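A.B. asks: Need the 3D shape of this:
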Amino acid sequence: MQVTAGNLLQKINDPSDLKHFTEDQLVQVCQQLRQYIIDEVSVNGGHFAASLGVVELTVALHYVLNTPYDQLVWDVGHQAYGHKILTGRRDNFHTNRVYGGISGFPKRAESEYDTFGVGHSSTSISAALGMAVASHYKGEDDRQHVAVIGDGAMTAGMAFEALNHAGIENSNILVILNDNCMSIDPNVGALKEYLTDITTSGPYNRFRDDIAYVLGKLSQVGPDAYKVAKKIEKSIKGTLLRQSNFFEALKFRYFGPTDGHDVKHLVKVLRDLRNIPGPKLLHIVTVKGKGYALAEKDQTKWHAPGLFDKITGEIKKTVYEKPQPPKYQDVFGHTIIELAEQNKKIMGITPAMPSGSSLNLMMKAMPNRAFDVGIAEQHAVTFSAGLATQGLVPFCNIYSSFMQRAYDQVIHDVALQNLNVVFCLDRAGIAGADGPTHHGAYDLAYMRCIPNMTVSAPMNEEELRNLMYTAQLENKGPFVIRYPRGNGVMVDWQRPFKEIQIGKGRKICDGEEVAILTIGAIGNEAVKATTTLNAEGLYPAHYDLRFVKPLDEALLHEVFAKYKNVITVEDGCLEGGAGSAVLEFMADNKYNANVVRLGIPDAIIEHGEQPELWTECGYDAVSIVKQVRNLGLQKNQHIIAS
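C.D. replies: Numbers count the residues shown, from 1 in each chain. Just a heads-up that it's a prediction; the model follows:
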């Protein structure tokens, strides 16, 4: 559904149109842009509160900068909806995150204004610095480079690495620290406390308003006057606020904190900073969800609320006549509490995704045994390793695609030492509307090649519980449990725990001529496929591998001894995945069969709903049925017993 933009917003087809307005009119532009985001997201869905919080900043940046020549990098991209609307995508913004529509994140292939593709946090400063160094090398020293990063994203090590490098390069880069005390959940850690100290310092805040203006003017007078002013500024800052020296110590000129919702003041500050050479950091204070009262009040809930009534604030949910299966993340959240009540060694760890992983349930029930370590996946893994050396059993819950950031730590700090860290990889496989930055396509492949590692995937909620139960028994070494985004398939899922034999799969149904081997929850698509095929007189066997490492060799010997046609199905990449493991087994054991592998192809899969993308990739139930039909099997009239 497409909504109508306000009269001023309708005139803005690219940022050059924005420059025709007076600064007084920018206030109205901001009002219309904020309302347009509310109108669109309420009926079409998407991320919400983050973009509302940077409306004024977005307008001010495009008003002052000469984009796209001046390069603007958004960190993560949750907050870039206003940017997209102002840069030529207003009229097709209703396709945001829809299959075949525009991406929910900045994407280079989509627009020249999207200077760097994002989706994971904390990349913006590194990217902007690279651009700034390249511009200097090419003699484009008039070019501005701006990285907008939140205080949550600033907690990641990569952001500090970039700040450390930028300070010595002396490149023309401006880092805008958007401080709203939030990522998806409330921020944690010492950096949050440090920024709070800055924003509540009365004497310093009375001084900060004038310094950018003075430095900007003196830089135009000459280098000598500018140097003197810098020395004076440094002395006064050190007296008024000792903590401000953190950024100064990294050789950044620090300005702020500034009201991030005063668009006219932001325009003034950005103009002043444009004239100041070298690395600069502007600290702005904003409210996530600004302009929509409910989002301001409950920022986590309104990060991405789904469809809602913009007048009443009622979030629209599908009403079902019958009870529905739970989300896999909630099965994890409730199960880890059950296990932790039985095993005092269990600890929970997540890098800034407590609500997304449902570890927030344990954080509330057992606050001394569950940790949100901030956006710091590498630290989360090695912190877990440290816990494991002391005999504890950490359940480290990280989204599959985010785990890629901590791959070295998985190998160096966990696997090499054979530590019993349980990696629960949420959002494994096709993640849906968040698109390629969030698809958990590679975990089966990148985990199964690591020595000492057990790699598993439950087909349903009961198997998830039992794998979690199994992983904490005795010392199982590094243990991966990967499961998808969204709901499971069992209403009656909270059953007594049962240990699962490591490396042991199971036969779902017997069959003739062809065997379907699945790994994980996508196996339920194979169940649908076999039902359809049975009605046609075709009876494929179905096996749930459960483990891609170690493989159930007895099961595979049975399969290759009996079936000359084998179809593997996985919600993961084909290169190096479960199908590849089956082919390796076949070759090593000198079997000869026709093996068809279904899974994510060697391509970047764009955004869309999970079933849409399963179909595109060719491993949904309908695609499995087609593959079996294509084998030209003999139809039978009898039913194979399970």
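A.B. asks: Now do the buried residues in stretch 317-335.
C.D. replies: 325-335 (16 or more other Cβ atoms under 10 Å). Heads up, the C-betas are built off the backbone N, CA and C, glycines and all.
A.B. asks: whoops, stretch 530-545 was the one
C.D. replies: Under 16+ other Cβ under 10 Å, the buried positions of stretch 530-545 are 530, 533-534, 538-545.
A.B. asks: likewise stretch 619-632?
C.D. replies: For stretch 619-632, using 16+ other Cβ under 10 Å, the buried residues are 619-625, 627-628.
A.B. asks: What of stretch 273-285?
C.D. replies: 273-274, 276, 278-285.
A.B. asks: Now render the residues you listed as TSV, adding secondary structure.
C.D. replies: Formatted as TSV, those follow (DSSP: H, G, I helix; E, B strand; the rest coil):
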residue	secondary structure
L273	helix
R274	helix
I276	coil
G278	coil
P279	coil
K280	strand
L281	strand
L282	strand
H283	strand
I284	strand
V285	strand
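A.B. asks: the helices in the stretch 351-500 of the chain, which residues?
C.D. replies: 354-357, 360-365, 377-389, 400-403, 407-409, 443-448, 461-471 (DSSP state H, counting those that start in this stretch).
A.B. asks: most packed of the ones you listed?
C.D. replies: Each of the helices of the stretch 351-500 of the chain was scored by mean neighbour count; the highest is helix 400-403, a mean of 26, by mean count of other Cβ atoms under 10 Å.
A.B. asks: what residues does it touch?
C.D. replies: 120, 351, 353, 377, 410, 423, 425-429, 431, 437-443, 482 (Cβ atoms under 8 Å, 6 or more residues apart in numbering).
A.B. asks: Check the offset of it from the chain's centre.
C.D. replies: Chain-centre distance of helix 400-403: 8 Å, with Cα atoms, centre = their mean, to the nearest Å.
A.B. asks: Could you double-check that F247 lies in contact with K280?
C.D. replies: No - the pair F247 / K280 is not scored as a contact, 9.5 Å apart, by Cβ atoms under 8 Å.
A.B. asks: any idea how far P540 is from the spatially closest residue to Y591 that is not a sequence neighbour?
C.D. replies: Counting by Cβ to Cβ, 6 or more residues apart in numbering, Y591 lies nearest to F560, which is 4.0 Å off, once chain neighbours are set aside. Distance, F560 to P540, by Cβ to Cβ, to the nearest Å: 15 Å.
A.B. asks: likewise S103?
C.D. replies: Taken as Cβ to Cβ, the span from S103 to P540 is 37 Å.
A.B. asks: Mark out where each domain of the chain begins and ends.
C.D. replies: 9-297, 328-482, 506-630 (automatic domain parsing).
A.B. asks: so how many other residues sit close to the nearest residue to E609 once chain neighbours are set aside?
C.D. replies: Nearest non-adjacent residue to E609, counting by Cβ to Cβ, 6+ apart: G432, 5.9 Å away. By the criterion of other Cβ atoms under 10 Å, G432 has 21 neighbours.
A.B. asks: which residues touch G432?
C.D. replies: 438, 485-486, 607-610, 613.
A.B. asks: neighbouring contacts of whatever helix or strand S623 lives in?
C.D. replies: Assigned by DSSP states H and E, S623 belongs to helix 621-630. The contact list for helix 621-630, computed with Cβ under 8 Å, 6+ apart, reads 514, 516, 525-526, 528-529, 532-533, 538, 540, 567, 569, 596, 598, 614-615.
A.B. asks: any idea which helix is longest in the chain?
C.D. replies: Under DSSP state H, the helix in the chain containing the largest number of residues is helix 23-44.
A.B. asks: can you tell me which two in the buried residues of stretch 273-285 are farthest apart?
C.D. replies: Greatest spatial distance among those (Cβ to Cβ): G278 and V285, at 23.7 Å.
A.B. asks: follow-up on the earlier one: now, which of the buried residues of stretch 530-545 sits nearest D151?
C.D. replies: Taking the buried residues of stretch 530-545 together and measuring to D151 by Cβ to Cβ, the closest member is L545, at 43.1 Å.
A.B. asks: so that closest one makes contact with I522?
C.D. replies: No - applying Cβ under 8 Å, one finds L545 not in contact with I522, separated by 11.2 Å.
A.B. asks: Which residue ranges of the stretch 501-642 of the chain form strands?
C.D. replies: 506-509, 514-519, 541-544, 547-549, 565-573, 594-600 (DSSP state E, counting those that start in this stretch).
A.B. asks: closest to K107 out of these?
C.D. replies: Of all the strands of the stretch 501-642 of the chain, strand 594-600 comes closest under Cβ to Cβ, at 19.2 Å.
A.B. asks: by contact count, what packs against that closest one?
C.D. replies: Strand 594-600 is packed against strand 565-573, helix 578-588, helix 610-617, helix 621-630, with contacts defined by 3 or more Cβ pairs under 8 Å, 6 or more residues apart in numbering; DSSP states H and E.
A.B. asks: In a markdown table: these, plus distance to A304.
C.D. replies: Below are those laid out as a markdown table (distance: least, Cβ to Cβ, whole Å):
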| stretch | distance to A304 |
| --- | --- |
| strand 565-573 | 22 |
| helix 578-588 | 31 |
| helix 610-617 | 16 |
| helix 621-630 | 28 |
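A.B. asks: out of the ones you listed, which comes closest to N360?
C.D. replies: Proximity to N360 (Cβ to Cβ) singles out helix 610-617 among those, at 23.7 Å.
A.B. asks: Can you tell me the closest non-neighbouring residue to L57?
C.D. replies: Nearest one to L57, counting by Cβ to Cβ, 6+ apart, is G260 at 5.6 Å.
A.B. asks: Would you mind measuring from that neighbour to G576?
C.D. replies: For G260 relative to G576 (Cβ to Cβ), the value is 45 Å.
A.B. asks: ok, now M353?
C.D. replies: Taking Cβ to Cβ, one finds M353 at 26 Å from G576.
A.B. asks: who's more crowded, these two?
C.D. replies: M353 (24 against 16).
A.B. asks: Need the pLDDT of that one.
C.D. replies: Note on M353: pLDDT of 92.
A.B. asks: ok, it to C424 distance?
C.D. replies: M353 is 11 Å from C424, by Cβ to Cβ.
A.B. asks: ditto for M490
C.D. replies: Counting by Cβ to Cβ, the gap from M490 to C424 is 18 Å.
A.B. asks: As JSON lines, the helices of the stretch 351-500 of the chain with distance to T300 would be great.
C.D. replies: Below are those laid out as JSON lines (distance: least, Cβ to Cβ, whole Å):
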{"stretch": "helix 354-357", "distance to T300": "6"}
{"stretch": "helix 360-365", "distance to T300": "9"}
{"stretch": "helix 377-389", "distance to T300": "19"}
{"stretch": "helix 400-403", "distance to T300": "18"}
{"stretch": "helix 407-409", "distance to T300": "27"}
{"stretch": "helix 443-448", "distance to T300": "26"}
{"stretch": "helix 461-471", "distance to T300": "24"}
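A.B. asks: can you count the residues close to K345?
C.D. replies: 16.
A.B. asks: Next, it: phi, psi?
C.D. replies: phi -80, psi -10 (degrees, to the nearest 10).
A.B. asks: One more: K322?
C.D. replies: phi -120, psi 160.
A.B. asks: Next one, pLDDT for it please.
C.D. replies: On the pLDDT scale, K322 gets 85.
A.B. asks: same deal with G356?
C.D. replies: At G356, the pLDDT recorded in the model is 94.
A.B. asks: Let's have the buried residues of stretch 273-285 in TSV, adding pLDDT.
C.D. replies: Below are the buried residues of stretch 273-285 laid out as TSV (pLDDT from 0 to 100):
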residue	pLDDT
L273	93
R274	90
I276	90
G278	91
P279	94
K280	94
L281	94
L282	95
H283	93
I284	94
V285	93
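A.B. asks: Output these in CSV, with distance to G386 appended to each entry.
C.D. replies: Below are the buried residues of stretch 273-285 laid out as CSV (distance: Cβ to Cβ, whole Å):
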residue, distance to G386
L273, 41
R274, 45
I276, 43
G278, 39
P279, 34
K280, 37
L281, 32
L282, 36
H283, 33
I284, 36
V285, 35
